[in-house]
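S.K.: coords please:
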Amino acid sequence: MPRLLQVTRVTAACILPALLIGCASQVTTRAAAPRMPETIFSPLPLPTPNALRTQTGRPGPDYWQQRADYRIHATLHAEARVVSASGVIRYHNHSPDELTYLWLHLEQNLYLPDSRGGQRGVGGSSIPNPDVNTRGVEVTHVRVNGREATMQVYDTVARLDLPEPLAAREGVVEIEIGWRFEVPRFGDARMGWEQTRNGTIFQIGQWYPAVCKYDDVHGWNTLPYLGQGEFYTDFGTFDVRLSVPRDHLVAASGVLMNPAEVLTAEQRERLKRAAGSPAAVIIRGLDEVGDAASRPAGEGPLTWRFVAHDVRSFAWASSPAFIWDAAGIAERGSTPSERDGSAELPSGTLVQSFYPVEATPLWFDNVDMLRMAVLHFGGKWGVYPYPTATNVNGVVGGMEYPMIVFCSERLDERDLFEVTAHEAAHWWFPMTVNTDERRHAWFDEGFVTFMTLYAMRERRASWFDPRGWAASVAEHLGQGGQPAATRSDEIVGGAYGVLAYDRVAWALYCLREKVLGPQRFDAAMHEYIRAWAFQSPQPSDFFRVMENAAGCDLAWFWRGWLYEDAPLDQAVVGVRHNGDIATATFENRGAMVMPLEFLVRYSDGSSETRTAGVEVWYASDRCELSWATGGRRVRELIVDPEELLPDVNRANNRRSGG
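M.R.: Sure, this is the predicted structure:
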């Protein structure tokens, strides 16, 4: 797209809806300096604080959230590539509202040939597509508190009217439900199956009827599943039994509860050893794949039972082709169920990788990669709270679920570590800090991409190129496109990664490295994570926590980086001397503002770096800065000498001394 000569921004009228519902399309022009009364520095029109969400961004004394617990028994019919299941959902109404109906997600309906998502053609779900299209989910029965009930299905959501109202604050309802679906070959980057040399790998996500999130901001969150926007659900406990062919190994969210029934004695001994080992222990090796002795003796399927506490979803994988490695991490955090005594979990974290022979030799190192990522993120952003951390190689390129991720990379070491670390970072956002991905993709994808930058640098310094990142982000700024905070499903094709991932990641990097500094940023981010762990923040809560904990007004930053497609163009336009005083004139020629940093090189060979806060742009897009030179003459002045800001025109960043 050709670069527009006008600088555009989202109007104030659109920013507030954007904070809540992702509005991002209305634009107007911003006048040149001097600034108009409403500027990039004006306060964001955030929602009014209340007893649920306070002025400091923390949950208030009246904060509430719902809970949904699931007991599921599913059977994988491997030859038919079909999953059939039945379950009981125990739904707890902690809201102040009496509920007369519930909404449920039926996300397998995305793969119907006439689904709304399929009609959009996002993520490979276009119509027709035999690798994607299925008959959706077939609901076989529904009962509410033991009484037959009927759901009204609307694409990927369904309304369930309750036989009697669900009481506010303490009401509980049980929903019995049965369903079945065909596993699509390529399930819109969330799930699918792959035929390998030693059998089929099934990766199963978004597979069960899930109660929609009911919250204090939107009520029922019933935005349809269109394939691009991800998920927003409540925490709960999942007790899941998976019946699969006897020759399969199963990886899943949570803790395996019946190893004696589904593993050999040797495998159980190896797992015990792995839990205490920092190095990978082979649970089932390459030479054991296909060997009947690597599975318990007997006939017929085996049922694996997993329990996952305090999670917002559940995913699993099953295959006869898996090699299985594991290692341990001694220290981990805790979940709410552990803290209130309702659950007792194993100590430490078991780190695991499941992969086929096609992924070797690269995946021989994946346990080490995953373990390093979990330790890195735990050291920087809070110790990982869950007892397992698993990566599964298969057809899914990269997808995150509680305690389990799917990654397809098999060729390149850097790419495998990057996708492994990125998906593992999602265990912090949104699996622990429960953000609304369906509306705010940037609110987790940008965060975890930012986190991954530092993990990449720690793993291998050459894997992180900050100048390259800044230049790449700059290429897409101010092109008349969408802001980063555009609602997930409204982001135009090809821009999803640029906006929700890269731009926001680099915004946070610049906020940490160039605005607040690491100490100030980290303290504020830690405050945010502590405040909202296992709860559900909105963007406005994040802004308020960061500003309060950092002691800094950042409205200009959020507006420029998130709610505008604003270019940054800092220029030095003149340098002059008056005795021992040098004066440099700078201009901010783009709509985005950032603090000013410049390198001064003197004619005697010495140099110094000087900075000025973003406040120099308060009144005008032009400023003058003076300083004592000690008699030295300025030979050259360079704006943003490290080239870490996404400046769209570096040609005006240098000026010879006057």
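
S.K.: Residue 576 touches residue 624, doesn't it?
M.R.: No. Counting by Cβ atoms under 8 Å, residue 624 is not a contact partner of residue 576; they are 9.5 Å apart. The way it works is simple: take the backbone N, C-alpha and C, and place the C-beta from them, glycine included.

S.K.: Dihedrals phi and psi, residue 260?
M.R.: phi -70, psi -20 (degrees, to the nearest 10).

S.K.: Can you classify the closest residue to it other than its chain neighbours by secondary structure?
M.R.: Spatial nearest neighbour of residue 260, excluding adjacent residues (Cβ to Cβ, 6 or more residues apart in numbering): residue 268 at 6.9 Å. Following DSSP: H, G, I helix; E, B strand; the rest coil, residue 268 is assigned to helix.

S.K.: And what about the spatially most central residue of the chain, helix, strand or coil?
M.R.: For the chain, the residue nearest the mean C-alpha position is residue 444 (3.3 Å; Cα atoms, centre = their mean). Three-state assignment for residue 444 (three-state DSSP): helix.

S.K.: Just give me how far stretch 252-265 sits from the chain centre.
M.R.: The chain centroid and the centroid of stretch 252-265 are separated by 29 Å, computed with Cα atoms, centre = their mean, to the nearest Å.

S.K.: same check, this time on stretch 361-379
M.R.: From the chain centre to the centre of stretch 361-379 is a distance of 18 Å (Cα atoms, centre = their mean).

S.K.: again with stretch 501-510
M.R.: 13 Å.

S.K.: what residues does stretch 410-419 touch?
M.R.: Contacting residues not belonging to stretch 410-419 are listed as 358-359, 362-363, 365-366, 369, 373, 393, 397-398, 407, 409, 452, 455-456, 459-460, 463 [Cβ atoms under 8 Å, 6 or more residues apart in numbering].

S.K.: how about it: buried residues?
M.R.: Buried residues in stretch 410-419, defined by neighbour count with 16 or more other Cβ atoms under 10 Å: 410, 416-419.

S.K.: do stretch 288-306 as well
M.R.: Residues of stretch 288-306 classed as buried: 288-289, 294-295, 301-306 (neighbour count, 16+ other Cβ under 10 Å).

S.K.: out of those, who's nearest residue 227?
M.R.: residue 306 (26.9 Å; Cβ to Cβ).

S.K.: How much space separates the closest one from residue 135?
M.R.: Counting by Cβ to Cβ, to the nearest Å, the gap between residue 306 and residue 135 amounts to 27 Å.

S.K.: thinking again about what came up before, and residue 576 and residue 624? Which one has more around it.
M.R.: Legend: neighbour count by other Cβ atoms under 10 Å for residue 576 and residue 624, higher for residue 576 (14 against 11).

S.K.: part of a strand, is that one?
M.R.: Yes. Counting by three-state DSSP, residue 576 is found in a strand.

S.K.: partner residues bridging it?
M.R.: On the basis of DSSP bridges, residue 576 is bridged to residue 583.

S.K.: about what we covered before: nearest to residue 43, of the buried residues of stretch 288-306?
M.R.: Closest to residue 43, out of all of the buried residues of stretch 288-306 and judged by Cβ to Cβ, is residue 306, at 47.4 Å.

S.K.: which ones are touching that closest one?
M.R.: With contact set as Cβ under 8 Å, 6+ apart, residue 306 has these partners: 238-240, 242, 250, 252-257, 314, 316.

S.K.: mind putting these in CSV, pLDDT, secondary structure and distance to residue 202 included?
M.R.: Shown next, in CSV, are the contacts of residue 306 (pLDDT from 0 to 100; DSSP: H, G, I helix; E, B strand; the rest coil; distance: Cβ to Cβ, whole Å):
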residue, pLDDT, secondary structure, distance to residue 202
238, 98, strand, 18
239, 98, strand, 21
240, 98, strand, 15
242, 98, strand, 10
250, 98, strand, 9
252, 98, strand, 12
253, 98, coil, 15
254, 98, coil, 17
255, 98, strand, 21
256, 98, strand, 17
257, 98, coil, 21
314, 98, coil, 15
316, 98, strand, 8
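
S.K.: just the buried members of those residues?
M.R.: Burial by neighbour count, judged by 16+ other Cβ under 10 Å, picks out 238-240, 242, 250, 252-256, 314, 316 from the contacts of residue 306.

S.K.: Which residue ranges of the stretch 351-500 of the chain form strands?
M.R.: Along the stretch 351-500 of the chain, counting by DSSP state E, counting those that start in this stretch, strands occupy 388-393, 398-401, 404-407.

S.K.: Tabulate those (a markdown table), appending distance to residue 637, mean neighbour count and mean pLDDT.
M.R.: Listed next are these as a markdown table, based on distance: least, Cβ to Cβ, whole Å; neighbours: other Cβ atoms under 10 Å; pLDDT from 0 to 100:
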| stretch | distance to residue 637 | mean neighbour count | mean pLDDT |
| --- | --- | --- | --- |
| strand 388-393 | 49 | 26 | 98 |
| strand 398-401 | 43 | 24 | 97 |
| strand 404-407 | 46 | 28 | 98 |
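
S.K.: could the ones you listed be laid out in CSV, adding distance to residue 476?
M.R.: Shown next, in CSV, are the strands of the stretch 351-500 of the chain (distance: least, Cβ to Cβ, whole Å):
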stretch, distance to residue 476
strand 388-393, 30
strand 398-401, 21
strand 404-407, 26
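
S.K.: what's the closest of those strands to residue 58?
M.R.: strand 398-401 (25.9 Å).

S.K.: Tell me which other helices or strands that closest one touches.
M.R.: strand 404-407, helix 413-425 (3 or more Cβ pairs under 8 Å, 6 or more residues apart in numbering; DSSP states H and E).

S.K.: if we go to 10 Å?
M.R.: Counting contacts by 3 or more Cβ pairs under 10 Å, 6 or more residues apart in numbering; DSSP states H and E, strand 398-401 packs against strand 199-204, strand 404-407, helix 413-425.

S.K.: What's the mean pLDDT across the first one?
M.R.: Throughout strand 199-204, pLDDT has a mean value of 98.

S.K.: Residue 352 versus the closest residue to residue 367 other than its chain neighbours, what's the distance?
M.R.: Closest residue in space to residue 367, ignoring its immediate chain neighbours: residue 280 at 4.1 Å, by Cβ to Cβ, 6+ apart. Distance, residue 280 to residue 352, by Cβ to Cβ: 10 Å.

S.K.: joint contacts of these two?
M.R.: Common neighbours of residue 280 and residue 352, using Cβ atoms under 10 Å, 6 or more residues apart in numbering, are 274, 325-327, 366-367, 370-371.

S.K.: how about the residues you listed, which pair is most distant?
M.R.: Largest pairwise distance in the shared contacts of residue 280 and residue 352, by Cβ to Cβ, is 13.8 Å, between 274 and 366.

S.K.: shared neighbours of those two, anything?
M.R.: Shared contacts of residue 274 and residue 366, defined by Cβ under 10 Å, 6+ apart, are found at 280, 325, 351-352.

S.K.: Run through the helices of this structure in chain order.
M.R.: 12-21, 116-120, 259-262, 265-275, 336-339, 366-381, 413-425, 442-459, 466-475, 496, 504-510, 518-532, 539-550, 555-562 (DSSP state H).

S.K.: Fine by me, we can end here.
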